[in-house]
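In: How does the following fold in three dimensions:
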Amino acid sequence: MSTTTLTRAATLTVGVSLTGTLLGLGRDLLLAQLFGADGGTDAFLVAWTVPETAFVLVLEGAMALIMIPAFSRALAQRSDVREVVAATLPRIAALLVALSAAVAAGAPLLVRAVAPGLADYHLAVTCTRLTAITVLTFGLAGYLSAALRAHHVFGAPAALTLVYNAGIVALMVMLHGRFGVVSAALGVAVGSLFMVLVQVPGFLRRVGLPRRWRSGGPVLTIGVVVPVVVYTLTRQAQVFVERFVGSELPAGTISYLNYAQKIGQIPMLIALLVCAVTFPTLARNVAAGEVEKARLRVETDLRTVTALILVSAAFLISYAHPIVAALLQHGAFTGADTAATATILRVYAAGVLGHALVGVLARPFYTGGQRTWFPVGAMAAGLGVTAVLAWLGTPLAGAPAIAAANGAGISVTALMLLFGLRRRVLAISVTAIAGAAGRLAVVAALACAAGLLVAPLLTGIAALLQAATGGLVVLTTFLVLARLAGFPEVTAVAPALSRRIRHGR
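Out: Take a look at the predicted model:
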């Protein structure tokens, strides 16, 4: 895939996915406006653990990390991709149906396990049973997405979050008066079905159904599948820790953590879209034995993601309160809710880089379709750090301690993956990457300081205007300092972003 084609694909993916992400933000704003932050929203967010986990496990995890390399290898070897479909889809579909049914049946136990101190247990069980279908629908959506992305088709996969969030918003708007927060759970179920339907035409056109169906095959050996599943579950377990510990704090705490996390993850999601486009190319490079190209691809992704995340973190830290107020302080969401969420957001923003780097660094371990447990060990170590620090810090600092523990744990995982990648998979230059990240961190810190200095001058104007003006100050300072210092990591990214803005994409 040429550089020009990659750029076009990235632009399309960023444009469509950003629209879906913004609609997801609108979904959260609507949730806050309609229901505020109380025991009811806590109950829904505990049920939300199911689609969150399913998204990471089967859509971003197993289907992306196993099936994209499998389809890419078939294409690189000029094999019939439909043979891969015949060997894998029947078994995957049967497993997803069984898992989805098990989640629905085990909803009472699941709610007790995730949030033992939850105030509205029965509401959480109802919502969990409704969202259980996402195990099936996300899995099928991830499978179709992997096939299309391996064929360098990115439009329909990029639209997944768009149609998903459209379903949730539509059901909340239409049914909130009758069903309350349960309308959001119904929307999750409907939106997840849309994720499958939007990809079916492209899949049938570019891949097609096999002439003969057969079960099994080397792609789905236990040795390949189990490490990926355990890795993605361990990664998602950070959310389990947050909600487990947060359920013992006052009602609304889980909601504050969720709102802060959703805002903080927006820049991470945008940055990782670059990797979503480059991963099929990386898998083909590995399959073809083009190790040097694969190494350069990973190093470029790491520098790009680091630059995008650090400038975003500087903005979130310096203008957390007006950002939250502008986005969430409407309807049932009060000023006290804004203050609590903004405090958590500042802490959470400091750890977003770790989350983004893990997303980049874990992928190369699975490009060759080989069994590897190293990412599992790295994630388990980070999860242990998160659990211990959350348990120790919550009595002293409350919800912000949970956010701090999250950032510390995922940063430990990122460092382990960085050094493990160097030793086990690709000979990337850890020194060069660390040096670039360190220099960019200094620039981001100065940009954050500039934002904090300007913030008092903006007091008294509308929150949205404060956030917009502050964001311009932080971004301008970051880009000017980076250019003066001659950082290629930023000077290469900034023009590309400017072109996308000028062309409205």
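
In: quick one: the strands in the chain?
Out: For the chain, no strands are identified by DSSP state E.

In: average pLDDT across the lengthiest helix in the chain?
Out: Longest helix of the chain, by residue count under DSSP state H: helix 253-287. Mean pLDDT, helix 253-287: 78.

In: please begin residue numbering at 152 from this point
Out: Okay, using 152 as the starting number, the last item reads as helix 404-438.

In: just how off-centre is that helix within its chain?
Out: Here helix 404-438 is found 4 Å from its chain centre; the criterion is CA atoms, centre = their mean, to the nearest Å.

In: neighbours of Tyr294, just the number please.
Out: 27 (other CB atoms under 10 Å). Where you see a C-beta, it was placed from the backbone N, CA and C, and this is true even at glycine.

In: Tell me the spacing between it and Tyr382.
Out: 18 Å (CB to CB, to the nearest Å).

In: Kindly report the same for Leu322.
Out: From Leu322 over to Tyr382 (counting by CB to CB), the distance is 32 Å.

In: Comparing those two, which residue is more hemmed in?
Out: Tyr382 (27 against 21).

In: now the nearest residue to Val248 once chain neighbours are set aside: how far from Arg300?
Out: Using CB to CB, 6 or more residues apart in numbering and skipping residues adjacent in sequence, the residue nearest Val248 is Leu287, 5.9 Å away. Separation of Leu287 from Arg300 (CB to CB): 20 Å.

In: Next: Ala275.
Out: Applying CB to CB, the value for Ala275 to Arg300 is 35 Å.

In: What of Leu616?
Out: 40 Å.

In: what about the two, which has more around it?
Out: With neighbours defined as other CB under 10 Å, Leu616 and Arg300 compare such that Arg300 has more, 25 against 12.

In: my guess is that one meets Pro431, correct?
Out: Yes: counting by CB atoms under 8 Å, Arg300 does reach Pro431; the two are 5.2 Å apart.

In: okay, and the common contacts of the two?
Out: Common contacts of Arg300 and Pro431 (CB atoms under 8 Å, 6 or more residues apart in numbering): Ile219.

In: Now do Gly533 against Thr385, distance only.
Out: 9 Å.

In: And the two? Which one has more around it.
Out: Counting neighbours by other CB under 10 Å for Gly533 and for Thr385 shows that Gly533 has the greater number, 27 against 19.

In: so who does that one touch?
Out: Going by CB under 8 Å, 6+ apart, Gly533 touches Gln389, Gly560, Ile561, Ser562, Val563, Thr564, Ala565, Met567.

In: what do you get if the cut-off is 7 Å, keeping everything else the same?
Out: Counting by CB atoms under 7 Å, 6 or more residues apart in numbering, Gly533 touches Gly560, Ile561, Val563, Thr564.

In: in the stretch 452-601 of the chain, which ranges drop under the pLDDT threshold?
Out: 519-522 (pLDDT under 70).

In: Could you pull out the helices in it for me?
Out: 471-479, 486-500, 503-513, 525-548, 550-575, 581-605 (DSSP state H, counting those that start in this stretch).

In: among these, which is nearest Leu261?
Out: For Leu261, the closest of the helices of the stretch 452-601 of the chain is helix 525-548, at 18.7 Å, according to CB to CB.

In: Buried residues of that closest one, list them for me.
Out: 525-534, 536-538, 540-541, 544-545 (16 or more other CB atoms under 10 Å).

In: now stretch 563-580
Out: 563-569, 571-573, 576-577, 579.

In: Show me how far it is from its chain's centre.
Out: Distance of stretch 563-580 from its chain centroid, counting by CA atoms, centre = their mean, is 21 Å.

In: ok, residues contacting that stretch?
Out: 442, 445-446, 449-450, 505, 508-509, 512-513, 515-516, 525-526, 529-530, 532-533, 536, 581.

In: what do you get for stretch 404-421?
Out: Stretch 404-421 is contacted from outside by 165, 169, 172, 176, 179, 183, 188, 192-193, 196, 393-394, 397-398, 459-460, 463, 467, 474-475, 478-479, 491-492, 495-496, 499-500, 503, 506-507, 550, 553-554, using CB under 7 Å, 6+ apart.
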